[in-house]
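1. sequence isn't available, so here's the structure alone:
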Ligand SMILES: [Zn+2]
């Protein structure tokens, strides 16, 4: 990190740290933060403060953004990078928040050159290095410990993109084996896809994960932080590798909390 940035960040943390009452409210309002140690919470508070200061938040489609909306988003965006550092979000400059699920129009041309259009519901979306678009309605449903988290989902896509491709295989840390990652994730993906196709499904993981490898990584990341017991119960090796990647063990926190 450059000297000037480091000085600026120190000043922000000295003068603009999220106030104690705001911070207490944020932690209490987000069960997924239960069980974090004092030092982890302090670290998360600093990261969230810097995220708030350094990223641009824009309300769209008539949404009026408030400070607490920005704070709720920042704290959850920083949970996945708690042990990785804010540098991982270097290319992520802007967040656009819309009131509700937005409809995206797709056009695709088939081999005969005929255009096919369809609409797809989106609650969050990353456009490569562009802004992350989030629906406030889905943000409000996130962080409750029920497996769903649109912010962590989009953050996972951002992390996945760091090696240039959103393919469910983020750049791994030294000592992690990319071949093992590929094998474990592809085995779990195939299994979930097979089960999602059955009539009596009993799935505990959202079948949106079987869209492709990138969505599988993003959705399992949501469960990793939101319902670690479910992910660990279904796919323990996926849980273990996500733990090595995020350098966190939310399951142990859940037991404490
Ligand atoms: Zn996605």
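-> Looks like it came in fine. These figures come from a predicted structure and were not determined experimentally.

2. ok, now which ones touch the residue nearest in space to the middle of the chain?
-> Closest to where the C-alpha atoms of the chain average out (CA atoms, centre = their mean) is residue 152, at 1.6 Å. With contacts defined as CB atoms under 8 Å, 6 or more residues apart in numbering, residue 152 is in contact with 76-77, 79-80, 142, 221-222, 225-226. C-beta: built from backbone N, CA, C; applies to glycine.

3. turn these into a markdown table, including neighbour count, distance to the ion and secondary structure.
-> Formatted as a markdown table, the contacts of residue 152 follow (neighbours: other CB atoms under 10 Å; distance: CB to the ion, whole Å; DSSP: H, G, I helix; E, B strand; the rest coil):
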| residue | neighbour count | distance to the ion | secondary structure |
| --- | --- | --- | --- |
| 76 | 24 | 16 | helix |
| 77 | 25 | 15 | helix |
| 79 | 24 | 17 | coil |
| 80 | 25 | 14 | coil |
| 142 | 24 | 14 | coil |
| 221 | 25 | 10 | helix |
| 222 | 27 | 10 | helix |
| 225 | 28 | 15 | helix |
| 226 | 21 | 15 | helix |
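
4. among the residues you listed, which pair sits farthest apart?
-> Farthest-apart pair in the contacts of residue 152 is 77 and 226; separation 14.2 Å (CB to CB).

5. neighbours around the closest residue to residue 201 other than its chain neighbours, how many?
-> Distances taken as CB to CB, 6 or more residues apart in numbering place residue 195 nearest to residue 201, at 6.1 Å, with adjacent residues excluded. Using other CB atoms under 10 Å, residue 195 is surrounded by 17 other residues.

6. ok, and what's touching stretch 48-66?
-> For stretch 48-66, the surrounding residues in contact (CB under 8 Å, 6+ apart) are 9, 12-13, 16-18, 26, 69-71, 73-75, 77-78, 86, 89, 92-99, 102, 131, 133, 136.

7. any idea how far apart the tips of that stretch sit?
-> This stretch, stretch 48-66, spans 16 Å end to end (CA to CA, to the nearest Å).

8. now do residue 240 against the ion, distance only.
-> Separation of residue 240 from the ion (CB to the ion, to the nearest Å) stands at 22 Å.

9. kindly apply the preceding question to residue 150 instead.
-> From residue 150 to the ion the distance is 9 Å (CB to the ion).

10. the helices in the stretch 101-250 of the chain, which residues?
-> 136-140, 150-161, 178-196, 213-226, 228-234, 236-246, 250-256 (DSSP state H, counting those that start in this stretch).

11. hang on, the earlier thing: quick one: the contacts of residue 152 as TSV, columns for pLDDT too.
-> Converted to TSV, the contacts of residue 152 look like this (pLDDT from 0 to 100):
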residue	pLDDT
76	98
77	98
79	98
80	98
142	95
221	98
222	98
225	98
226	97
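
12. pipe those into a markdown table and attach distance to residue 234 per row.
-> As requested, the contacts of residue 152 are arranged in a markdown table below (distance: CB to CB, whole Å):
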| residue | distance to residue 234 |
| --- | --- |
| 76 | 23 |
| 77 | 25 |
| 79 | 21 |
| 80 | 20 |
| 142 | 20 |
| 221 | 14 |
| 222 | 13 |
| 225 | 15 |
| 226 | 13 |
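
13. contact partners for residue 167?
-> So, once contact is read as CB under 8 Å, 6+ apart, residue 167 ends up touching 160, 213-214.

14. thinking again about what came up before, and the residue nearest to the centre of the chain, how far is that from residue 11?
-> Distance, residue 152 to residue 11, using CB to CB, to the nearest Å: 29 Å.

15. host element of residue 22?
-> Here residue 22, judged by DSSP states H and E, is contained in helix 20-29.
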